[in-house]
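Colleague: would you be able to build a 3D model of this:
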Amino acid sequence: MPEHGQSARILLIDDHALFRESVARFLNGERGLEVVAGCGTIEEARQILEGDAVDLVLLDFDLGQRDGLDFMRVAEGLHFKGKVLLVTAGLNDADAAKLLKRGVAGIFPKHQPPELLSEAIHDVLSGKAWFDQGQLQRIVGARPQEEDDLARISILTERERQVLSFVFKGLANKEISDQLQISESSVKGTLQQLFRKTGARTRGHLVRIVLENYKDQL
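Modeller: Next up is the predicted model:
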């Protein structure tokens, strides 16, 4: 997340130059956003991330011979700390589930209007997830085989259920603390408990695990 008063630095990764240029023009006209680079390959993206500070990557899934999953592996190897929002024309549920596990902050369909993309970007930068509820349900049904032996979560506490209900709605930690009238540190502590209990690495992964295994406890 950029410091107060600074624009969020965005990297566009899409192998269609016209799309990159169109999105860059739109986002550079939005307050608080700055597209600092655009590229069409993962190799170019690696070089950019090694040299520049980036807060958010807008990532297409289909990058010719490579795809968004390849980029997420590269980003993990680079210890990239920013957010990744997938912006794609099409994605099957199995790949969406894998991307969610890898830590993408959201999946945005290219056919949606640009104003909604701006909203999705600001939500992701503020710590929220951007997933359509119907899409989440489909992803739940596309669990990869390697997760079949996932350890079951023990009974959720009342506070964990409360916090999860707001995570599902896309609220950030501060908003959850306001809703529950508790400190933000208490919200963070509860989320850390849930991460340890589930083995989740991101909020999106946490949502998926809970929906797969413990929806009846919510």
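Colleague: walk me through the domains of this structure.
Modeller: As given by automatic domain parsing, the domain ranges for the chain are 8-140, 150-217.
Colleague: worst average pLDDT in those?
Modeller: Sorting the domains of the chain by mean pLDDT places domain 150-217 lowest, at a mean of 80.
Colleague: tell me where the chain has strands.
Modeller: Using DSSP state E, the strands of the chain run over 8-13, 33-39, 56-59, 62-63, 66-67, 83-88, 106-109.
Colleague: hmm, back to that, how about JSON lines for the domains of the chain, with mean neighbour count added?
Modeller: (C-beta placed from N, C-alpha, C; glycine too.) Listed next are the domains of the chain as JSON lines, based on neighbours: other Cβ atoms under 10 Å:
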{"stretch": "domain 8-140", "mean neighbour count": "18"}
{"stretch": "domain 150-217", "mean neighbour count": "16"}
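Colleague: coming back round to it: who wins for proximity to Gly127 among the strands of the chain?
Modeller: strand 83-88 (8.7 Å; Cβ to Cβ).
Colleague: what helices and strands are in contact with that closest one?
Modeller: Where contact means 3 or more Cβ pairs under 8 Å, 6 or more residues apart in numbering; DSSP states H and E, strand 83-88 is packed against strand 56-59, helix 68-77, strand 106-109, helix 114-125.
Colleague: and the second one, what does it pack against?
Modeller: Of the remaining helices and strands, those touching helix 68-77 by 3+ Cβ pairs under 8 Å, 6+ apart are helix 42-51, strand 56-59, strand 62-63, strand 83-88, helix 93-102.
Colleague: need those in CSV with distance to Glu160, can you?
Modeller: As requested, those are exported to CSV (distance: least, Cβ to Cβ, whole Å):
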stretch, distance to Glu160
helix 42-51, 35
strand 56-59, 29
strand 62-63, 38
strand 83-88, 24
helix 93-102, 20
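Colleague: can you tell which of those is closest to Glu119?
Modeller: Judging the helices and strands packed on helix 68-77 by Cβ to Cβ, what sits closest to Glu119 is strand 83-88, at 11.4 Å.
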